[in-house]
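[1] Requesting a structural model of the entry that follows:
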Amino acid sequence: MNSSVNPDRGEPREIQVIPVNGFRNRDGEFEHRVPPVSQTTKAQKNLGELAGVVLSDSHIERLTYLATDPQELEHSQVVKHRTPFGWLSMMNFRAYAPMLSPAAENDRLLADASYSADPNANRGRLALSMPAPHDRYATLVHSDAFEAVMEAVDRAAIAVQKDNPQDIGERIVESALTVVPATFTGFPGQPGEDYTAVDGNCRLNSCLVLLPVERGWLTGDARDHTRLRLLPSYLMRLPLVVRRELVRKIVKAATKRLAQLRTGTETDLRERNEAAIALNAITVPVQMIVGFEDDDPLRGMQRFPAAVRSVLVQMNVSPKKFSDGSQHAVMAEEIVTALHDEGLLDGEQPSAELATARRDVLIGRGQVPEAMGLLGLDGLPDLRFARVVQEFTRRGSAFNHVVRSQLGKTGLYLSYRNGPVVELGLRSYSASIEAKALDSIRKALDTGCLWQDLVDTEWTVENAATDDAIDGLRDRAHAGDTQAALMLGVLGMVALVLTGHLRAAGGSAEETVGTTIARTSVGQIIKGLLETEPGREILADAVKRSRAGSPLRWWDSESKSLVELPSDWATSTFNAFLRQAVRHGFISEAERNNPAAQEAARLTRFQEAVSTAKDRLMDLIDIRDENGTVDKIAWLEVEPTFAILAGITARLGKIAEPEPLSDSW
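    Numbers count the residues shown, from 1 in each chain. Sure, this is the predicted structure:
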């Protein structure tokens, strides 16, 4: 409950009702009244004829019912909002909070939801399917069963109220909610309609929990005066007229209580404040999306959902910003949807069915097993993860343009591709792995789970669903087959990271192994493993054993074979020795103490340092390109670096053979 204590004297004080329109009673005081339905007729006619409004008659009727002053809509105009695909039409007015519903799936929770991409996902707790466009109107169409929609809405409403309650009651909501028309084809008997808040769920739910509602108002039982918390699903079940009558009852009860004479008791003050809070929370300002005009008229409403979602991330920056995972998840879906809409998921042989299957596999919300089958892949989670990696490491001007435009970047570097890959890939494990473990996995992958060869080389996802298929990839990789190596590397990376055997470099890793380790990204560790035969053996074995739920094995440098892990090894121990091997090689203790081996290890460390220095130089060049910097760096700033590089070249030349002459000389 909002504070009602006088800050000057520390005494309880009376909360005032804040006017939301110009209506005054005979005493000149503001009094909240719900206008009669008859006042909506002219507004409906005006909206039906207003340029920019692309709504069905039933949605126009609903819009006028939710307005606190329908007469304002009789002379209203639309404003245009630019999106990457066209123009959204919007109207601004004040609406009744109980006439609105939270988003059918709150995108703030995307990184924590369960997805059908995970074979172990509980069907009742899945993230809902992405809304589809209406064939004619600016409306989001939700195809999930209505009960599933309501469960998801209630879950999101409870979560945002717990995580981000708003200070409402003594104040009214002042920042507008962005609201969009929605249709639910899974509604029992016929399509249901609503207006849902794609932005402002925290504000809306903070209003709903402050409204005193009797159970009988919802059930029609006038004898049931039980108070209950107003969940969105209660409202969504109500017919339009009944829902508006509920608003009238809330306002009438609060107004009646405030009209009673003051007695000065604590109970009287508490009840008066509850009534005032209810009236302050009963309305919210809205920015209502009422139409959409695509830059390509032939597309109609096809890109309307993408246009709505394109404004979502920048809206949700205050007061509680999206987590990085949720931002990447929203952006990833934006990218996949845009690629699908632009026909860039069609493949070599254009097929609408296959393009849709590729989209469904990547997003992972629904029809994933069927879509994987259409693509010739078994429904294994790691194969889907590989498909996500492959799709986001493609090259091509059209692909690059779409992804860059969605990311808002001028370049398309590995780090930009990584976030969407992680969030979409992890949807294959959203229910199979506990949240705490997923956080550790996400931390490891966020170091960078991609390596440059994935982008530089065109590769495909093979249906490597059996042990024999994995052995085939390993043998081909041993023979120098790049396609097989990349496929093996991605599957091996998924196996090692998801089982916890490859994670972000730990602070005590050097102490564990007694030497330095490779403190590089996950992707660079996989790249290093692919360059050695023992590394490829470990990757292949990790894939097979992780799929079977068996403990992983380690490479024994003495016997030159895979062996069971020592009993005292934890997954962090495996990670430390893996990173040691990438830096120093898979060599035995005797080999490590050999002078020649020691020199080879030092050379490897030196070459790694040079490679890292080159990467950092490229980072500098990249950011200069992004910033449009053309000024040369002052010589005084780089002179010491040139001196060091010259010294390195001279000293390396003294211990290295001269460069061989070209055959053409």
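
[2] alpha carbons only for contacts and neighbour counts from here, please
    OK.

[3] mind checking which helix or strand A609 is in?
    helix 595-627 (DSSP states H and E).

[4] Might one say that R243 is in contact with P98?
    Yes: assessed by CA atoms under 8 Å, R243 is found in contact with P98 at 7.5 Å.

[5] what's the overlap in contacts for the two?
    Shared contacts of R243 and P98 (CA atoms under 8 Å, 6 or more residues apart in numbering): L235.

[6] the more surrounded of the two?
    P98 (27 against 21; other CA atoms under 10 Å).

[7] could you list every residue that touches the more buried one?
    Per CA under 8 Å, 6+ apart, neighbours of P98: 208, 235, 243, 247, 282.

[8] residue ranges of the helices in the stretch 451-600 of the chain, please?
    For the stretch 451-600 of the chain, helices defined by DSSP state H, counting those that start in this stretch occupy the ranges 453-456, 467-478, 482-498, 509-513, 522-530, 533-548, 571-584, 589-593, 595-627.

[9] Single out the most deeply packed of these.
    helix 482-498 (a mean of 25; mean count of other CA atoms under 10 Å).

[10] What's the mean pLDDT across that one?
    Average pLDDT, helix 482-498: 98.

[11] rewinding a little: most neighbours among the contacts of P98, which one is it?
    I282 (26 neighbours).

[12] Hmm, that residue is touching A97, no?
    Yes: counting by CA under 8 Å, I282 sits close enough to A97 to count as a contact (5.5 Å).

[13] Could you please give me the overlap between the contact lists of these two?
    The contact lists of I282 and A97 share 207-208, where a contact means CA under 8 Å, 6+ apart.

[14] For stretch 56-74, what is the distance to the chain centroid?
    From the chain centre to the centre of stretch 56-74 is a distance of 33 Å (CA atoms, centre = their mean, to the nearest Å).

[15] Quick one: end-to-end length of it, please.
    End-to-end distance of stretch 56-74 (CA to CA, to the nearest Å): 17 Å.

[16] which residues sit against it?
    34-35, 37, 39-40, 42-44, 46-48, 93-96, 99-100, 137, 181, 193-194, 240, 244, 283.

[17] Looking at the residues you listed, which are in helices?
    Taking DSSP state H, the ones among those that sit in helices are 42-44, 46-48, 240, 244.

[18] could the residues you listed go into TSV alongside neighbour count, pLDDT and distance to V290?
    Formatted as TSV, the ones in helices among the contacts of stretch 56-74 follow (neighbours: other CA atoms under 10 Å; pLDDT from 0 to 100; distance: CA to CA, whole Å):
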residue	neighbour count	pLDDT	distance to V290
K42	16	92	18
A43	23	93	14
Q44	24	94	13
N46	16	92	13
L47	25	94	10
G48	17	93	11
L240	18	93	19
R244	20	94	21
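
[19] Is the residue lying closest to E458 once chain neighbours are set aside part of a helix or strand, or is it coil?
    Nearest non-adjacent residue to E458, counting by CA to CA, 6 or more residues apart in numbering: R394, 7.3 Å away. Following DSSP: H, G, I helix; E, B strand; the rest coil, the label given to R394 is coil.

[20] what's the answer for E293, then?
    strand.

[21] So for the helix or strand hosting T641, mean pLDDT?
    Using DSSP H and E, T641 sits within helix 635-655. Here helix 635-655 scores 92 as its mean pLDDT.

[22] got the angle between that helix and helix 595-627?
    Relative orientation of helix 635-655 and helix 595-627, computed by axes from the mean of the first three to the mean of the last three CA atoms, to 10 degrees: 150 degrees.

[23] Show residues contacting helix 635-655.
    Residues contacting helix 635-655 (CA under 8 Å, 6+ apart): none.

[24] For this protein, which segments are assigned as strands?
    For the chain, the strands defined by DSSP state E occupy 5-6, 11-12, 79-82, 86-96, 101-102, 132-133, 140-142, 177-184, 192-199, 213-214, 227-228, 283-294, 553-556, 561-564.

[25] mind putting the ones you listed in TSV, distance to S521 and mean neighbour count included?
    Converted to TSV, the strands of the chain look like this (distance: least, CA to CA, whole Å; neighbours: other CA atoms under 10 Å):
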stretch	distance to S521	mean neighbour count
strand 5-6	54	12
strand 11-12	58	12
strand 79-82	38	14
strand 86-96	39	21
strand 101-102	39	26
strand 132-133	38	20
strand 140-142	40	24
strand 177-184	40	24
strand 192-199	35	23
strand 213-214	54	21
strand 227-228	51	12
strand 283-294	42	24
strand 553-556	21	18
strand 561-564	25	13
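
[26] quick revisit: give me phi/psi at the residue nearest to E458?
    With angles defined as degrees, to the nearest 10, R394 sits at phi -70, psi 160.

[27] Hmm, it is touching T460, no?
    No: using CA under 8 Å, R394 makes no contact with T460, being 10.0 Å away.

[28] List the buried residues of stretch 363-371.
    By 16 or more other CA atoms under 10 Å, the buried positions in stretch 363-371 come out as 363-366, 368-369, 371.

[29] and of the residues you listed, the nearest to D615?
    Within the set of these, I363 lies nearest D615; the separation is 31.8 Å, counting by CA to CA.

[30] My guess is the closest one contacts I335. True?
    No: applying CA under 8 Å as the test, I363 and I335 come out as separate, 9.9 Å apart.

[31] With just CA atoms, put stretch 59-73 into PDB.
    In PDB, the C-alpha atoms belonging to stretch 59-73 read as follows (Å, rounded to 0.1, in the frame of the first residue of the first chain):
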ATOM      1  CA  HIS A  59     -11.900  -3.400 -32.300                       C
ATOM      2  CA  ILE A  60     -13.100   0.200 -32.900                       C
ATOM      3  CA  GLU A  61     -16.100  -0.400 -30.600                       C
ATOM      4  CA  ARG A  62     -13.800  -1.800 -27.900                       C
ATOM      5  CA  LEU A  63     -11.400   1.200 -28.300                       C
ATOM      6  CA  THR A  64     -14.200   3.700 -27.600                       C
ATOM      7  CA  TYR A  65     -15.400   1.600 -24.600                       C
ATOM      8  CA  LEU A  66     -12.000   1.700 -22.900                       C
ATOM      9  CA  ALA A  67     -11.600   5.500 -23.300                       C
ATOM     10  CA  THR A  68     -12.300   7.600 -20.100                       C
ATOM     11  CA  ASP A  69     -13.800  10.300 -22.400                       C
ATOM     12  CA  PRO A  70     -15.100   8.900 -25.700                       C
ATOM     13  CA  GLN A  71     -16.100  12.400 -26.800                       C
ATOM     14  CA  GLU A  72     -12.400  13.300 -27.100                       C
ATOM     15  CA  LEU A  73     -12.100  10.600 -29.800                       C
END
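
[32] where's P212 relative to R270, distance?
    Distance from P212 to R270, by CA to CA: 13 Å.

[33] Neighbour count for these two, which is higher?
    P212 (20 against 16).

[34] what sits against the more buried one?
    227-229, 250, 278 are the contacts of P212 under CA under 8 Å, 6+ apart.

[35] redo that, cut-off 6 Å
    P212 makes no contacts at all, as judged by CA atoms under 6 Å, 6 or more residues apart in numbering.

[36] now do Q580
    Q580 touches I517, counting by CA under 6 Å, 6+ apart.

[37] rerun that using 10 Å as the cut-off
    Applying CA atoms under 10 Å, 6 or more residues apart in numbering to Q580 gives the contacts 509-510, 513-519, 574, 586.

[38] again with G628
    So, once contact is read as CA under 10 Å, 6+ apart, G628 ends up touching D622.

[39] Could you report the separation of it from D27?
    G628 is 65 Å from D27, by CA to CA.

[40] And for L424?
    Separation of L424 from D27 (CA to CA): 61 Å.

[41] ok, the closest residue to P534 other than its chain neighbours - contacts?
    Of all residues not flanking P534 in the chain, W555 sits nearest, at 6.4 Å (CA to CA, 6+ apart). Counting by CA under 10 Å, 6+ apart, W555 makes contact with 534-535, 537-538, 561-565, 578, 581, 586-587.

[42] mind checking pLDDT for W555?
    The model's pLDDT for W555 equals 95.

[43] hey, what's it bridged with?
    L562 (DSSP bridges).

[44] and T185, how many neighbours does it have?
    17.
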